[in-house]
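Asks: Sharing a model prediction with you, sequence too.
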Amino acid sequence: MHFAVSGVDCPIWLPPLVAFVVSFFTSMGGVSGAFLLLPFQMSFLGFTSPAVSPTNLVYNIVSIPSGVWRYLREGRMVWPLTWVVIIGTLPGVVAGGFIRLTWLPEPGPFKVFVACVLLYIGARMFYDLIKQRHQDKGPMLKGQPVLCTVDNCSLTCLRLSFEFGGRTYACSTVGIFTLSLAVGMVGGVYGIGGGSIVAPFFVAVYGLPVHAVAGAALMGTFVTSVVGVAFYQAIAPWYAGQMAVAPDWMLGLLFGLGGVAGMYCGARMQKRVKPTYIKIMLGLILLGTAGKYLVGYFGN
């Protein structure tokens with residue numbers, strides 16, 4: 001099948017199959033699969049124009065709502081944190097779009113940027129594995145997380161707080177906003193939304209429980225993705241005849257459909273597979289891909 005916007009030629013079953021496999025394993029490790037789908041599109045499908053970023057965001061739009069619904073049903077959505085993340089990521093993703101089109105339109109420099117993001121996520125995974133034996137800030141029962149709900153949320157210009165698992169957590173509203181702004185810029189450039197970047201910061205820097213902040217990070221990623229796709233689609237006419245900017249909707253939807261199925265199956269299988277093995281595998285893939293991009297760019 002030929003995809004007109006991206007110029008990709010591949011079997012129609014390949015994008016959903018790849019997205020299914022990627023999201024199946026990444027969901028078990030608690031990480032979004034979007035950061036791996038973009039290198040696949042660039043390296044294997046030859047989709048290197050700026051349109052690859054919003055196409056990757058379409059995957060998030062299709063695959064994330066089911067996860068957000070799950071957190072809402074379980075009462076694990078920290079709404080004050082969610083709103084601060086959304087308010088911060090909105091201007092960030094627009095700025096990221098301009099950065100992508102102005103300074104990183106060529107495949108070479110953009111691959112270096114992608115490699116830096118992959119290096120961070122991969123290093124973060126191994127760092128979390130090392131610290132895993134020493135800490136688990138969430139409530140536990142016989143080694144398994146207890147299903148708790150978020151209560152007594154409070155938000156002011158300076159402080160954000162909530163209760164989870166019998167403990168009160170608080171952090172700086174300004175700090176969360178600033179972090180979300182930066183992550184929104186990275187997500188807008190890369191095309192990943194930013195959830196896989198912001199969530200580790202919430203846990204490691206602010207000491208927030210991962211079982212409570214995951215929903216806010218996921219919702220922020222979804223909103224960032226919607227705004228990012230809208231931005232690239234709206235600005236595309238100004239670049240007509242120069243380069244492809246608008247998302248390849250058909251390709252993105254096929255990835256998204258595979259992602260929905262993969263995340264569902266991954267969630268069902270998670271308890272049968274040790275997360276440590278999944279994170280090691282993902283970390284090696286990330287670091288290997290980042291190394292390949294850096295060597296390919298600086299080695300020439």
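Replies: Yes, it's here.
Asks: How much space separates the residue nearest to S23 when sequence neighbours are not counted from G207?
Replies: What sits nearest to S23 in space, not counting adjacent residues and going by Cβ to Cβ, 6 or more residues apart in numbering, is G262, at 3.3 Å. Where you see a C-beta, it was placed from the backbone N, CA and C, and this is true even at glycine. For G262, the distance to G207 equals 31 Å [Cβ to Cβ, to the nearest Å].
Asks: Quick check: pLDDT value at G195.
Replies: pLDDT, G195: 68.
Asks: whoops, Q270 was the one
Replies: 59.
Asks: Repeat that for Y59.
Replies: On the pLDDT scale, Y59 is placed at 93.
Asks: Look up phi and psi at it.
Replies: phi -60, psi -40 (degrees, to the nearest 10).
Asks: ok, it touching L38?
Replies: No. With contact defined as Cβ atoms under 8 Å, Y59 and L38 do not form a contacting pair (9.2 Å).
Asks: Specify which residue of the two has the higher count of neighbours.
Replies: The neighbour comparison of Y59 against L38 (other Cβ atoms under 10 Å) goes to Y59, with 34 against 24.
Asks: For L57, the count of nearby residues, please.
Replies: 31.
Asks: Show the contacting residues for it.
Replies: By Cβ atoms under 8 Å, 6 or more residues apart in numbering, the contact list for L57 reads 34, 191-193, 224-225, 228-229, 232, 247, 252.
Asks: Now, the residues you listed that are in strands?
Replies: Here DSSP state E is the test, and these give no hits in strands at all.
Asks: okay if I get those as CSV plus neighbour count and distance to G75?
Replies: Converted to CSV, the contacts of L57 look like this (neighbours: other Cβ atoms under 10 Å; distance: Cβ to Cβ, whole Å):
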residue, neighbour count, distance to G75
A34, 30, 26
G191, 33, 31
I192, 31, 27
G193, 35, 23
T224, 31, 24
S225, 30, 24
G228, 35, 29
V229, 25, 29
Y232, 27, 35
P247, 28, 34
G252, 30, 31
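Asks: Let me know the closest of these to F177.
Replies: Proximity of the contacts of L57 to F177 was ranked by Cβ to Cβ; the top entry is T224 with 14.0 Å.
Asks: so that closest one sits right up against G184, yeah?
Replies: Yes. Counting by Cβ under 8 Å, G184 is a contact partner of T224 at 5.6 Å.
Asks: any shared contact partners between these two?
Replies: Listed as contacting both T224 and G184 by Cβ under 8 Å, 6+ apart are 89-90, 92-93, 194.
Asks: Can you tell me which of the contacts of L57 is closest to P11?
Replies: Nearest to P11 among the contacts of L57 is G252, at 16.6 Å by Cβ to Cβ.
Asks: dump the residue contacts of the spatially closest residue to that closest one that is not a sequence neighbour.
Replies: Among residues not flanking G252 along the chain, V58 sits closest, at 2.7 Å (Cβ to Cβ, 6+ apart). Each residue near V58 by Cβ under 8 Å, 6+ apart is listed here: 225, 229, 247, 249, 252-253, 255-256.
Asks: now the helix or strand hosting V58, how far from the chain's geometric center?
Replies: Following DSSP states H and E, one finds V58 within helix 52-63. Counting by Cα atoms, centre = their mean, to the nearest Å, helix 52-63 is centred 10 Å from the centre of its parent chain.
Asks: which stretches of the chain have low pLDDT?
Replies: Where the chain drops to pLDDT under 70, the residues are 28-32, 132-147, 195-196, 267, 270-271, 273-275, 300.
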